[in-house]
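Student: Sequence and predicted structure, then a few things I'm wondering about:
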Amino acid sequence: MTININVREDKYIIGSLLTLLVILVSMILGGTTGQIVFSFGTIAFFGLYVLIGTQSSAKQHSLKPFVSLVAGLVAILGIGFALLWYFHLQNPGYSDPAYWLGFPRATAVVVYVLWMPPALYLMFAYPYLFETYIWNEKKAQTFREMNAKPTAEVVDGGDSESEN
Amino acid sequence: MLDVPLQTDPTESMNAIMVGIVLLYLAGVAIIGIWAAKQTKTTEDFLVTGKRFGIWAVAFAAFASVMSGFGFIGGPGLFYSGGYGFLWIAIAAPLAFPISWFVLGKKMRLMAEVRDILTIPDAAYARYESETVRLLVAVSVLLGVISYLGVQFLAVAFILETVLGVSEIVALLIGVGVIGVYTVGGGMIAGVYTDLIQGAIMVVGSVVVFFIALDTAGGFVQMSRDIAQASPEFAGAFGAFPILLGLSWFFLFVVGNSGQPHMAHKLYMIRDTNLLKWGAPIAALSYFAASLMMLALGVGMRAFVENGQFVALGNPDMAAPLFLVEFTPAVLAGVVLAAAVGAVMSTSDAFINIGAANLARDIPQSLGYVYKSDAAELQAHRLANIIIIIGSLILVYYVEILVGLLGVVGWGLFAAALVPLLGIGLNWRGATKEGAIAAATVALVGNLGLAIVVTFYDFGLSTGAAVEALTLIVATVVLIVVSLFTDSGAREAISADISRVIDA
């Protein structure tokens, strides 16, 4: 049995596999260490999942905007979770807590740092990158032209169980 | 401040204005269904609206169907019963929508461009050229649909029973009757138009109620102090839930969003791929606005109970209706309760159509059956809608254990099957047919097995983590590992048109 890895194409997949295994072990072991590892593993997987999803666009244009995109996301979430754990572990029972903007400090981090900042960053990055890197009329035209040609052919060989 | 605890039966406080608004809303939805039935001429119209909609309609439909009755009724209930811990689900969706757009937005829309793809199992078949994959995905989706529909039907019965003061069975028949009129006749055209209206009502109503709730409860400072004084853990970042449950919810609901058929399926319906551009902010901000209400209502009610203004609620799901009838003007309460009905209906119509497509298209095709004409297929879809509605009603009443069983893993059943196969598979050429079959089998068997042991043997991970997150992770790992060890020619064997989608 051989392993079919194309390192250039599969680097994010292998990274995701390793990250998921770390997350899996941490969620089974638990404890404070497991919880912290799980949270940072989750951030890493979010970043890798976006990189997997944008790999084809990066291949056509440039990897840089997508790596920067993911670095920003990981930074926001990373800072958020670091603050969360710092304040949570200072007072895990939340007895007589210190308040920030209406919430105990750790809860305030969830509300004001982890809720909308990463979401706003990513949701507006999509339209910002859209026409230059994701999809535009020129790409649409090329795509339509390619699909005007016969589409059922297989690039090389085939293993289909039946025809579509 | 009130001197005596208020009563806890919202039905007693409903007035004619609230009831009238909800009834008017139900009539309006039924009329849209009758109109949409006339617009529905082909199977493509019925299943993917003939790819006719712009981004506002599609993004609102995606957000509204994800919000569901769980968000409007269950959400405040969980904030009430678990404190701020439920934030981990509420904060997931605004991040999940842009991630789904980056990973699947363009790919799903282009799949519908290159092939005659109308359903999620169609896409799985096209990617892996395997009827086994199509069948496994169809069965997973069908089981998930049954569980969701059962829960949604119970939710609509709960709301209408509370608002109209009728028995549960009458409320159920009214709600399901209206849903039936517009889904059987108008398919997804009716679904998307009603979602657009329902979504707008949800967003506006939620923001207004959020500020009223904050004002009534003295703002977050007062609410948090009231809660922390009596039950400090409720005010904590993880509430009354185990820490790993909150964290695994966050993982599951962010990553799993791209595996929800009622979300992913909407991406087929957009008129032009260029229109995808603003979909992520529209869907994410709408969900954020709509989720503000569940936070303020649920935590507000908990604060009222802790400071003695209300007696403890026997049923946490009463938190939202009770707050609305006691503290908001009758017109607003009526509109928001109508929005809650709308949230349930928008999810229900999406699932009825997806389930019916499984019955009438995916499963017959995977077994080799071909329709003689498009008209015959359209008729079969309408019939399948009726079967799904009646079947789910019967399950709700007579096989409740199955609804409860599947409800345990509803979101996870979709996520574990579809995130690896489509989220990964439409972006990674190395995903193989064998990997897809193994992952879909693990998702199906794993989720059903876990549902059984959770329901009958009280099983749970000792760390408190969500079992649905476990199956999502394991299924994804299985897809990758099995693909790496099988079929070295799979990357080159992908059909040219699907290859162009993966590389787009």
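Tutor: Okay, I see it.
Student: The helix ranked longest in chain A and chain B in contact?
Tutor: In chain A, assigned by DSSP state H, the helix with the most residues is helix A:64-90. Yes: judged by Cβ under 8 Å from any Cβ of the partner chain, helix A:64-90 comes into contact with chain B at A:84, A:87, A:88. In short, each C-beta sits where N, CA and C put it, glycine included.
Student: Look up the closest residue to the last one, ignoring the ones flanking it.
Tutor: Beyond its immediate neighbours in the sequence, the residue positioned closest to residue A:88 (Cβ to Cβ, 6 or more residues apart in numbering or on different chains) is residue A:106, lying 4.1 Å away.
Student: Quick check, that neighbour in contact with residue B:233.
Tutor: No: assessed by Cβ atoms under 8 Å, residue A:106 is found out of contact with residue B:233, at 11.6 Å.
Student: Between the two, point out the one with more neighbours.
Tutor: residue A:106 (26 against 19; other Cβ atoms under 10 Å in any protein chain shown).
Student: After the helix or strand the more buried one falls within, which helix or strand is next? Please name it.
Tutor: For residue A:106, the host element (DSSP states H and E) is helix A:105-109. Downstream of helix A:105-109, the next assigned helix or strand under DSSP H and E is helix A:116-129.
Student: which secondary structure elements does that following helix contact?
Tutor: Packed against helix A:116-129 by the contact rule (3 or more Cβ pairs under 8 Å, 6 or more residues apart in numbering or on different chains; DSSP states H and E) you find helix A:64-90, helix B:92-100, helix B:279-306.
Student: Mind checking the ones you listed for the one nearest to residue B:417?
Tutor: helix B:92-100 (15.6 Å; Cβ to Cβ).
Student: Check the offset of that closest one from the chain's centre.
Tutor: The chain centre lies 14 Å from the centre of helix B:92-100; the measure is Cα atoms, centre = their mean, to the nearest Å.
Student: Tell me if whichever helix or strand comes after it is near chain A.
Tutor: Remark: after helix B:92-100, the chain's next helix or strand is helix B:106-114, criterion DSSP H and E. Yes: for helix B:106-114 and chain A, the contact criterion (Cβ under 8 Å from any Cβ) is met by B:106, B:107, B:110, B:113, B:114.
Student: For those residues, which two are the farthest from each other?
Tutor: B:106 and B:114 (12.4 Å).
Student: Show me the shaky parts of chain A.
Tutor: Across chain A, residues meeting the criterion (pLDDT under 70) sit at A:1, A:147-164.
Student: Now do the contacts for the residue of chain A most remote from its centre.
Tutor: Each residue of chain A has a distance to the centre, and by Cα atoms, centre = their mean the biggest one is for residue A:96: 36.5 Å. Residue A:96 makes contacts with B:228, B:232, as judged by Cβ atoms under 8 Å, 6 or more residues apart in numbering or on different chains.
Student: Just to be sure, it is in a strand?
Tutor: No: counting by DSSP: H, G, I helix; E, B strand; the rest coil, one finds residue A:96 to be coil, located in no strand.
Student: Quick one: the helices in the stretch 351-500 of chain B, in order.
Tutor: Per DSSP state H, counting those that start in this stretch, the stretch 351-500 of chain B carries helices over the ranges B:363-366, B:374-398, B:400-407, B:410-418, B:433-457, B:467-484, B:490-493, B:496-503.
Student: try the stretch 101-250 of chain B
Tutor: Using DSSP H, counting those that start in this stretch, helices in the stretch 101-250 of chain B cover B:106-114, B:120-128, B:131-164, B:168-217, B:219-230, B:243-255.
Student: Out of the helices and strands packed on helix A:116-129, which one sits most buried?
Tutor: Of all these, helix B:92-100 carries the top mean neighbour count, a mean of 28, counting by mean count of other Cβ atoms under 10 Å in any protein chain shown.
Student: near chain A, anything from that helix?
Tutor: Yes: using Cβ under 8 Å from any Cβ, helix B:92-100 reaches chain A at B:94, B:95, B:97, B:98, B:99.
Student: so which of those residues comes closest to residue A:44?
Tutor: residue B:99 (13.7 Å).
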